[in-house]
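K.L.:
structure for this input, please:
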Amino acid sequence: MNNPLESTLPQAIGSGLAGAIALNILHETVRQFVPEAPRADILGERSITKGFQKAGKQPPTGNKLYGLAMLGDVTSNALYYSLVGLGKNAPILTGAALGVLAGVGAVTLPGPMGLGEAPTKRTEATVVMTVGWYLFGGLVAGFVFDRLRRSAS
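P.N.:
The predicted structure follows:
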């Protein structure tokens, strides 16, 4: 007998990756044009720098630091959004819930983590965009999972 988790795991991971890529494309595009846009890239760079420093290593700079931040962001968001597979009966709703939770976390956690608040909390518009964009990523993951699940049936 097939384990239901095994049959949906590739779909969940693919859906999570789709949501993460959609989120990052949105972040990276809008930040070029909207000064109040969230700066997840800065949070990622700060996190990587902090990790290297704690390990007693010289952190990368410039394009290498940015590239690592983007890779880390897509990877962590893909894994997180892959949880959409747990809501097999309501993946879109599950994706929305995951997105809102991620957005709230992106607004409230960087300060206490020592990464600064400005990248996601500097204006009311920044806060709204941050939560909205993570919601968008979660919805994309939910829709993709729903489509993959239906096409596999």
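K.L.:
where in the protein is pLDDT low?
P.N.:
The model of the chain has pLDDT under 70 over residues 1-7.
K.L.:
for the chain, which segments are assigned as helices?
P.N.:
Counting by DSSP state H, residue ranges of the helices within the chain are 4-30, 40-54, 62-81, 91-108, 118-121, 124-152.
K.L.:
how about those in JSON lines, adding mean neighbour count?
P.N.:
(Glycine included, C-beta is placed from N, CA and C.) Rendered in JSON lines, the data for the helices of the chain read as follows (neighbours: other C-beta atoms under 10 Å):
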{"stretch": "helix 4-30", "mean neighbour count": "18"}
{"stretch": "helix 40-54", "mean neighbour count": "18"}
{"stretch": "helix 62-81", "mean neighbour count": "17"}
{"stretch": "helix 91-108", "mean neighbour count": "20"}
{"stretch": "helix 118-121", "mean neighbour count": "21"}
{"stretch": "helix 124-152", "mean neighbour count": "20"}
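K.L.:
spatially central residue for the protein, please.
P.N.:
Against the mean C-alpha coordinate of the chain, by C-alpha atoms, centre = their mean, the closest residue is residue 77 at 3.4 Å.
K.L.:
could you list every residue that touches that residue?
P.N.:
16, 19, 20, 23, 24, 102, 137 (C-beta atoms under 8 Å, 6 or more residues apart in numbering).
K.L.:
same question, residue 115
P.N.:
The contact partners of residue 115, by C-beta under 8 Å, 6+ apart, come to 43, 46, 47, 50.
K.L.:
one more time with 6 Å, if that's ok
P.N.:
The neighbours of residue 115, taking C-beta atoms under 6 Å, 6 or more residues apart in numbering as the test, are 43, 46.
K.L.:
same question, residue 134
P.N.:
For residue 134, the contacting residues are 99, 102, 103, by C-beta under 6 Å, 6+ apart.
K.L.:
ok, so of those, who is nearest residue 58?
P.N.:
Nearest to residue 58 out of those is residue 102 (C-beta to C-beta; 30.9 Å).
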